[in-house]
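Engineer: my questions are about this predicted structure, shown below with the sequence.
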Amino acid sequence: MNIVILSRNENLYSTRRLIEEGENRGHDIEVIDPLKCDIIIEKEKPTVYYRDRYLDYVDAIIPRIGASVTFFGCAVVRQFEMMNVFTTVTSDAIIRSRDKLRSFQRLSKAGIGMPKTVFTNYSRDVEEVLNHVGGPPVIIKLLEGTQGLGVVLAESRNAAESVLEAFNGLQARALVQEYIKEAKGADLRALIVDGQVVGAMKRQGREGEFRSNLHRGGSANYIKLSEDELKLAIKAARALKLPVCGVDMLQSSRGPLIMEVNSTPGLEGIEGATHKNIARAIITFIERNRR
Ligand SMILES: Nc1ncnc2c1ncn2[C@@H]1O[C@H](COP(=O)(O)OP(=O)(O)OP(=O)(O)O)[C@@H](O)[C@H]1O
Ligand SMILES: [Mg+2]
Ligand SMILES: [Mg+2]
């Protein structure tokens, strides 16, 4: 099969692993920077032009679209969809998952447990907003943050008010969320491939840090998920129509809660913590669907 990895950087661990496992299984793997593609649209002949050729021979794509290039990257993914090329995640699902508000709205409709969340345009009393999520401390997060940047723990009403004011002044939209203290700065990441959990890890934030992100200095360890955690992760991936994704959960006193679902999960942390071959699972998922 001709498999294209849509990625801006072929030296990233995740990209390198997908190349390696794809080639091990006898496929031709190409890494293509979506920003260097031209999308050519005309009646019944959608195509993608890259450097000096048309990408009309591609059987499947693996989008690894960074948050900063969502718009153009997803336009390229959509174009491949128009060409009937199999994709591990659809452009619609990527766009939906990038917006935390949109994702939470869908997840709540699907009956999935989550920290209670409020979205406001700040025209109302902050006191009232905070009361909706049980009062301070609260988490305030930007709708499109990543790597833990743009996530703030506001310990008091005053702190929450100033953070909301600051975000508002920058015209940045944010969610106010119940702080799950019992999680103790840790979260669970379940890696989903083909709708099933293929590996899981527990990430613990460094001392004094409420964010467990590895980019913020957190550490990761293998964990065996409980039955409830497994079910919740699978259900969340299904609700967001993401057959390949990373589902993040918080362990709360009322059971596991979904924190977010990432459509371009990194493979380094999870393969390191679980010693599982996740890249190969993604390749064989493509093989099963392309046939
Ligand atoms: N409601 C909450 N209660 C407790 N801790 C939280 C809550 N929300 C987020 N956190 C902590 O903050 C971290 C960052 O939050 P979140 O994952 O929402 O942000 P992100 O910027 O999207 O990160 P990512 O790089 O994983 O996409 C989480 O990993 C978790 O440890
Ligand atoms: Mg995120
Ligand atoms: Mg996260």
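Structural biologist: Alright, I've got the coordinates. Ligands and ions are numbered 1, 2, ... in the order given.
Engineer: from now on I want contacts and neighbour counts done on CA atoms only, so please keep to that.
Structural biologist: Fine.
Engineer: Leu107 touches Lys241, doesn't it?
Structural biologist: No - look at Leu107 against Lys241 with CA atoms under 8 Å: they stay out of range, at 11.0 Å.
Engineer: tell me the mean pLDDT over stretch 35-46?
Structural biologist: In this model, stretch 35-46 has a mean pLDDT of 94.
Engineer: could you pull out the buried residues of that stretch?
Structural biologist: For stretch 35-46, a neighbour-count test (16 or more other CA atoms under 10 Å) marks Cys37, Ile39, Pro46 as buried.
Engineer: what residues does the spatially most central residue of the chain make contact with?
Structural biologist: Closest residue to the average C-alpha location of the chain: Asn262 at 1.0 Å, with CA atoms, centre = their mean. Taking CA atoms under 8 Å, 6 or more residues apart in numbering as the criterion, Asn262 is in contact with Ser97, Arg98, Cys245, Gly246, Val247, Asp248.
Engineer: tell me the SS of the last one?
Structural biologist: Which is Asp248. strand (DSSP: H, G, I helix; E, B strand; the rest coil).
Engineer: who touches it in this structure?
Structural biologist: Asp187, Leu188, Arg189, Ala190, Ala233, Ile258, Met259, Glu260, Val261, Asn262.
Engineer: mind listing what's buried along stretch 10-28?
Structural biologist: Here stretch 10-28 shows Glu10, Ser14, Thr15, Arg17, Leu18, Ile19, Glu21, Gly22, His27 as buried, counting by 16+ other CA under 10 Å.
Engineer: ugh, wrong one, stretch 221-236
Structural biologist: Applying 16+ other CA under 10 Å to stretch 221-236 flags Tyr222, Ile223, Leu225, Glu229, Leu230, Leu232, Ala233, Ile234, Lys235, Ala236 as buried.
Engineer: ditto for stretch 274-289
Structural biologist: Thr274, Asn277, Ile278, Ala279, Arg280, Ala281, Ile282, Ile283, Thr284, Phe285, Ile286.
Engineer: so which residues on the protein come close to ligand 1?
Structural biologist: Taking CA under 6 Å from any ligand atom, the part of the chain that reaches ligand 1 is made up of 115, 139, 145-149, 151, 177-181, 185-187, 210-213, 259-260.
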